[in-house]
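In: generate coordinates for the sequence data below:
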Amino acid sequence: MVKNHISQILNRKNTKPFGVLANKKEVLCYNLTNKNGFEFSVINYGATITDLKIPVSNNKKIDVVLGFETLTEYINSYYLPSPPYFGTTIGRYAGRINNGQFFLNGKQNYLNKNHGEHHLHGGILGFSRKLWNVKSLVTGDSSSITLEYISKHNEENFPGEITVQVTYTLTTENELEVSFTATSSEDTIINLTQHSYFNLDGHSNDIVKQELIINSQKILETNNELIPTGNYIDLKNNDFDFSTSKPCPVSIDNTFVLNNENAATLISKKNNLKMTVTTNQPAVHIYVGGNCFNKIKGKENANYHALSGICFETQNFPDAPNHSHFPNAVLKKNETYFHQTKFKFENL
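Out: Okay, here's the model as predicted:
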């Protein structure tokens, strides 16, 4: 077995084997805590968050993210009718790119198509299916881990070699802080996001009894293939107006334009728990799902279904490279991309 070099530089107390890839490289799981007893785990396959355990009473923690117990299940989940991308890092471009095409510096680029005629979540083998290297791991009152992936020029037909790092930090303020940085060898496009499915009632429940607030006054209009048209929909008197607390919707797959860094709030009255999402990104894509079609069991033998979790995909707009009035998605050569999102947990 070929061991990934990270196993030589990290404290084995925080590390355990999680499986072996087809190329014989080992995947490891890293477990981190903060001084308040919060706990999360991440694997270096896809820089994927597998567990996030929150204290809700003396001696009781709940796991608030969906996931699997083995590497095989994560790998097999990409062959489901609708891959869930549980907990993973999405890139090089999150969301859909129309017809897998975009212009950059006067040149038409043709990306791999993996969602009908469109490019979705980084293509056939996006960042979520890559082995990342761990660059650092810090333990103490707050804990953090930094993982890195180098995406070669023309991977999935994207221009430029980019070096991407994601740092997950469990702060003393009970925040899971997610920070992305990236640099490129030439001009390219980029849109990274963290794709955890949250359920504050516990990962084996459904989300319908939880309350949702989204700080947005408009969403992107899309066609019947969920490709942005370039127009916006005003949320006044709209079913997707979540400016005040409402029950989680049973069906949603929409990009909300943000007013400021305060993106969204999720509330569980069952566990008296609130999660607040803040970000420096211009949008949050909200998606309810998690269906594993009775083909793969989740953690603790959970049967994940279409209402198992809710995603807060903080990001730039889907298909932004094809709409000049959308926020710029171009990462210039030698410039640095920076994306930060915080998921803060508080007891009610």
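In: going by C-alpha atoms from here, please, whenever you check contacts or count neighbours.
Out: Noted.
In: what helices or strands is the longest strand along the chain leaning on?
Out: Ranked by number of residues, the top strand in the chain under DSSP state E is strand 336-347. Under the contact criterion of 3 or more C-alpha pairs under 8 Å, 6 or more residues apart in numbering; DSSP states H and E, strand 336-347 touches strand 175-184, strand 273-279.
In: now the helices for this protein?
Out: All helices of the chain, identified by DSSP state H, fall at 71-77.
In: show me the shaky parts of it.
Out: 1-12 (pLDDT under 70).
In: how much space between the residue of it most remote from its centre and residue 99?
Out: The C-alpha centroid of the chain is most remote from residue 106, which lies 31.2 Å away (C-alpha atoms, centre = their mean). For residue 106, the distance to residue 99 (C-alpha to C-alpha, to the nearest Å) stands at 18 Å.
In: residue 112 too?
Out: Distance from residue 112 to residue 99, by C-alpha to C-alpha: 9 Å.
In: okay, and the common contacts of those two?
Out: Residues touching both residue 112 and residue 99 (C-alpha atoms under 8 Å, 6 or more residues apart in numbering): residue 119.
In: so which of those two has more stuff around it?
Out: Neighbour totals were compared for residue 112 and residue 99, and residue 112 leads with 21 against 17 (other C-alpha atoms under 10 Å).
In: for that one, give me phi and psi.
Out: The phi and psi values for residue 112, taken as degrees, to the nearest 10, are phi -60, psi 140.
In: on that earlier part again, who are the contact partners of the residue farthest from the centre of the chain?
Out: So residue 106 contacts nothing (C-alpha under 8 Å, 6+ apart).
In: the strands in the stretch 101-250 of the chain, which residues?
Out: For the stretch 101-250 of the chain, the strands defined by DSSP state E, counting those that start in this stretch cover 101-104, 107-110, 119-120, 133-138, 143-151, 162-170, 175-184, 188-189, 193-195, 197-198, 211-214, 216-222, 228-234, 246-247.
In: wait, which of those is closest to residue 342?
Out: strand 175-184 (4.4 Å; C-alpha to C-alpha).
In: which residues touch that closest one?
Out: 160-171, 192, 194, 331-345.
In: quick revisit: in CSV, list the helices and strands packed on strand 336-347 along with mean neighbour count and distance to residue 288.
Out: Below are the helices and strands packed on strand 336-347 laid out as CSV (neighbours: other C-alpha atoms under 10 Å; distance: least, C-alpha to C-alpha, whole Å):
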stretch, mean neighbour count, distance to residue 288
strand 175-184, 21, 20
strand 273-279, 20, 16
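In: give me the number of residues near residue 224?
Out: 6.
In: and for residue 191?
Out: Neighbours around residue 191, by other C-alpha under 10 Å: 25.
In: how near is it to residue 89?
Out: Going from residue 191 to residue 89 by C-alpha to C-alpha gives 11 Å.
In: does residue 102 touch residue 322 like I think?
Out: Yes. Here residue 102 lies in contact with residue 322, judged by C-alpha atoms under 8 Å, at a distance of 5.9 Å.
In: quick one, which of the helices and strands packed on strand 336-347 is nearest to residue 300?
Out: Taking those one by one with C-alpha to C-alpha, strand 273-279 is closest: 21.8 Å.
In: so that closest one versus strand 336-347, what angle?
Out: 160 degrees (axes from the mean of the first three to the mean of the last three C-alpha atoms, to 10 degrees).
In: using CSV, write out every CA atom in strand 273-279.
Out: Output of strand 273-279 as CSV, limited to C-alpha atoms (Å, rounded to 0.1, in the frame of the first residue of the first chain):
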residue,chain,number,x,y,z
LEU,A,273,-30.2,24.9,18.0
LYS,A,274,-29.5,27.7,15.5
MET,A,275,-27.0,27.8,12.7
THR,A,276,-26.2,31.2,11.1
VAL,A,277,-24.4,31.3,7.7
THR,A,278,-22.2,34.3,6.8
THR,A,279,-20.1,34.7,3.7
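In: which strands and helices sit next to that strand?
Out: strand 262-268, strand 336-347.
In: in its sheet, what does the last one sit against?
Out: What that stands for is strand 336-347. strand 175-184 (antiparallel), strand 273-279 (antiparallel) (DSSP bridges).
In: in that strand, what's buried?
Out: Using 16 or more other C-alpha atoms under 10 Å as the burial criterion, the residues of strand 336-347 that qualify are 337, 339, 340, 341, 342, 343, 344, 345.
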